[in-house]
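Chemist: just the structure for this:
(chains A and B)
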Number of protein chains: 2
Amino acid sequence: MQNKLNEIIELLEKEDNFLIAGHVGADGDCIGSVTALTRILNKKNKTARAYLNKESLAPFAFLEINESCFFTETESLAVELKNQDYILLVLDCGSRDRVDLPEELFNAAQYVINIDHHEDNSLFAKYNFVDSKRAAVGEIIYLIAEKLISTLPQNIARSIATAIITDTGALRYENTTPQVMRILAKLMESGVSIYRINKAIFGSISYPALLLKSKALATLKRSENKKVAWLYVSREMIHEAGTDYTEGLVGLARDIEGVEVGILFTEEESHQIKISFRSNFYVAVNKIAAQFGGGGHPRAAGATVQQELNTTIESVVKEALKHV
Amino acid sequence: MQNKLNEIIELLEKEDNFLIAGHVGADGDCIGSVTALTRILNKKNKTARAYLNKESLAPFAFLEINESCFFTETESLAVELKNQDYILLVLDCGSRDRVDLPEELFNAAQYVINIDHHEDNSLFAKYNFVDSKRAAVGEIIYLIAEKLISTLPQNIARSIATAIITDTGALRYENTTPQVMRILAKLMESGVSIYRINKAIFGSISYPALLLKSKALATLKRSENKKVAWLYVSREMIHEAGTDYTEGLVGLARDIEGVEVGILFTEEESHQIKISFRSNFYVAVNKIAAQFGGGGHPRAAGATVQQELNTTIESVVKEALKHV
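Modeler: Residues are numbered from 1 along each chain as shown, chains lettered A, B, ... in the order given. Alright, predicted model coming up:
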């Protein structure tokens, strides 16, 4: 069942002890939303703690997440919560199996509140607020902040801005609405530098990642009709570059003038190929992904197949060409 | 002398015949501002014509600049204006010699109005409105539009958005203010797709340009202290890729984590090397450029030397290392 945002806000007003969690492989929307909501509740004199996987935190040093309410290992969190009544708030998770939290901490909660913006959210909690028109969960957290606290401290504003900037691709994706622009205007007036957040998230790349990008670009190919472009990352390239960071690589193919579908093949293991699809204007790439047991959105989708790299490329490109 | 924006708006209300011009090598702010203001004045039942250099227009096909008030060659414009009294509006030109208009058409104007946002504008006209706090001249045109017309037709809104998006680097530069965000929110509500404008200006690359990028990336090197990174484009690579488009390549080096100075060497001709410098936070690269007879800004500068490629790389990197 779906709830109204006001009902969720009432629960946040009423309850006193919260645990907040995001999804596995947390991104900027997840980390920004989790840290913002935790800080908002603590500012309201509630007890709010959050679990954040240490490995996901590295790129977000600029968020200065150093309060003791943020736990990066589950053992001490379990000790802390033992024999306590707490409400679990789950952010940016389309389904229960996406939640990054040990089973026992999930089950020990009095009840669960699920706040998300994924259209296909399975409404797995007792209380669910899912608004797929929102660009980011961070946008929903902003609306909650407006109701709960009078002014936005800079560290909360920065977390929310990070969430929104991540999921709108620095305001470049189609989910960027006038509402998003106005929220960012207000966050900037709280002292947030959009420039520095953009630079931290999208404006820098590690040397190994750039090496891998260079190697991947060297494999770039385009179909004869110029509408499909693809590139790949092999085990060997990952080994040579010293990283498996492939963020943004599929966009290199999609962004070629005249190309409608861009595809990246990543050899995760021998005979295990991850396929990432992106399209520009009219091809529903989730339908192509479905042919290979995957899924996703019309403009961004993916699949993983147990096959050899070259065979995969051949069959996937052939299928993609049917759609352009 | 500087005038107030209201005085300029009064002149626009009072006068009836305008010629509008931008700067040589017109960019998105220039073309967006010139087309928007021309359309605004025509919508007010004024006679407004603009001159736009044909060569600058190619990337801006999406602005649908096809009204007869836009002249792309000066001969027919001169015929049209012969024996007419007209006011010349000059946009985005820091000095008179930047104005892209034949001398005789400049001199034949009754008087000139100069609207700009360059801090060092020489106030060369009878009336000058220069506001260096504005991210783009397009932002000033938006303020004029608000006063002159009640609703913004989509083609005017799109021109203004293009101007702002260009000069803020898709809202990524430090000049992006809360005011800019709110203007974009309103332009989006006039039906403008920021997504499509971003895509047209920053989100696409030609296949040859991407090939050249791939070849350039393969030459990337980083200094032992990891603070200087450089790459090059040789005559041979330009020949193989089929383009000499090097926009954005120097940024690949600058955007590496930990790098302070990024350098691109372009072999324009045998023994003629163009050097492009970028820095992130503290090195004044115009001082390095000056060592090689060039100049520019503290974070972006350049020089051209008559030397062999490898020799140039060696001496320039050696010099750059003294600054980090």
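Chemist: who's in contact with the helix or strand of chain A with the lowest mean pLDDT?
Modeler: In chain A, no helix or strand scores lower on mean pLDDT, DSSP states H and E than strand A:295-296, which sits at a mean of 85. By C-beta atoms under 8 Å, 6 or more residues apart in numbering or on different chains, the residues outside strand A:295-296 that reach it are A:F277, A:V285, A:N286, A:A289, A:A301, A:G302, A:A303. Quick note: C-beta positions are derived from backbone N, CA and C, even for glycine.
Chemist: gap between that strand and the chain center?
Modeler: Distance, stretch centre to chain centre, for strand A:295-296: 15 Å (C-alpha atoms, centre = their mean, to the nearest Å).
Chemist: sheet-wise, list the partners of that strand with their directions.
Modeler: For strand A:295-296, the paired strands and their directions (DSSP bridges) are strand A:300-305 (antiparallel).
Chemist: contacts for the strand it pairs with, please.
Modeler: A:268, A:272-278, A:285-286, A:288-290, A:292-296, A:312.
Chemist: picking that back up, so which of the contacts of strand A:295-296 is the most crowded?
Modeler: A:F277 (30 neighbours; other C-beta atoms under 10 Å in any protein chain shown).
Chemist: so how far is chain B from the residue in chain A sticking out farthest from the centre?
Modeler: Distance from the centre of chain A peaks at A:E224, with 34.3 Å (C-alpha atoms, centre = their mean). Between A:E224 and chain B the computed distance is 13 Å (C-beta to the nearest C-beta, to the nearest Å).
Chemist: what about that residue, is that helix, strand or coil?
Modeler: Put simply, A:E224 is coil when judged by DSSP: H, G, I helix; E, B strand; the rest coil.
Chemist: okay, it: pLDDT?
Modeler: According to the prediction, A:E224 has pLDDT 97.
Chemist: which residue is nearest the centroid of chain A?
Modeler: A:D27 (4.1 Å).
Chemist: list the contacts of the residue in the stretch 1-150 of chain A that chain B sits nearest to.
Modeler: Nearest residue of the stretch 1-150 of chain A to chain B (C-beta to the nearest C-beta) works out as A:P59 at 9.8 Å. Going by C-beta under 8 Å, 6+ apart, A:P59 touches A:G28, A:A200, A:I201.
Chemist: inside helices: which ones of those residues?
Modeler: Within the contacts of A:P59, residues falling in helices by DSSP state H are A:G28, A:A200, A:I201.
Chemist: need those in CSV (columns: distance to B:T168 and pLDDT).
Modeler: Output for the ones in helices among the contacts of A:P59, formatted as CSV (distance: C-beta to C-beta, whole Å; pLDDT from 0 to 100):
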residue, distance to B:T168, pLDDT
A:G28, 21, 96
A:A200, 18, 88
A:I201, 17, 89
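Chemist: who wins on neighbours among those residues?
Modeler: A:G28 leads the ones in helices among the contacts of A:P59 on contacts (other C-beta under 10 Å) with 25 neighbours.
Chemist: got the residues of the stretch 201-324 of chain A near chain B?
Modeler: A:202-207, A:210-211, A:213-214, A:217-218, A:220, A:222, A:226, A:252, A:255-258, A:280 (C-beta under 8 Å from any C-beta of the partner chain).
Chemist: again, 10 Å this time
Modeler: A:202-211, A:213-220, A:222, A:226, A:229, A:231, A:251-259, A:280-281 (C-beta under 10 Å from any C-beta of the partner chain).
Chemist: and for the stretch 51-200 of chain A?
Modeler: A:59, A:165, A:168-190, A:193-199.
Chemist: just these: which are in strands?
Modeler: For those, not one is inside strands, with DSSP state E as the criterion.
Chemist: ok, the contacts of strand A:295-296 vs B:Y86, which is closest?
Modeler: Checking the contacts of strand A:295-296 against B:Y86 by C-beta to C-beta gives A:V285 as the nearest, at 52.7 Å.
Chemist: residues near A:E104, how many?
Modeler: A:E104 - counted by other C-beta under 10 Å - has 10 other residues nearby.
Chemist: show me the contacts for it.
Modeler: Taking C-beta atoms under 10 Å, 6 or more residues apart in numbering or on different chains, we find A:E104 in contact with A:T74, A:A78, A:L81.
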